[in-house]
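K.L.:
task: produce atomic coordinates for the following.
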Amino acid sequence: MTGEESVDPEDDLPSPCVRNCCLDDKDICMGCKRSLREILDWHSASADEKRAILTRCEARRRTD
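P.N.:
Alright, predicted model coming up:
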């Protein structure tokens, strides 16, 4: 990325990580509710993908 390119703030959604990293038997983090794959993919995910991950995390949180 050069100095002339700008980053869309929408693409820089904050990670849901709460620094309580512990995977359950389904490889879901007990802190943020992301799957291991979602955690690994977070930094390369688009804003739309990040929003989808956050939606899945919230659904997981509601079913706990």
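K.L.:
going by C-alpha atoms from here, please, whenever you check contacts or count neighbours.
P.N.:
Noted.
K.L.:
measure the residue nearest to residue 23 when sequence neighbours are not counted to residue 17 for me?
P.N.:
Leaving aside its chain neighbours, residue 23 sits nearest to residue 29 (4.3 Å; criterion: Cα to Cα, 6 or more residues apart in numbering). Distance from residue 29 to residue 17, counting by Cα to Cα, to the nearest Å: 9 Å.
K.L.:
also residue 35?
P.N.:
Residue 35 is 12 Å from residue 17, by Cα to Cα.
K.L.:
looking at these two, which one has more neighbours?
P.N.:
When residue 35 and residue 17 are compared for neighbours, residue 35 comes out ahead with 19 against 13, by other Cα atoms under 10 Å.
K.L.:
isn't the more buried one up against residue 27?
P.N.:
Yes. Using Cα atoms under 8 Å, residue 35 is in contact with residue 27, at 5.7 Å.
K.L.:
just the helices in this structure please.
P.N.:
36-41, 47-63 (DSSP state H).
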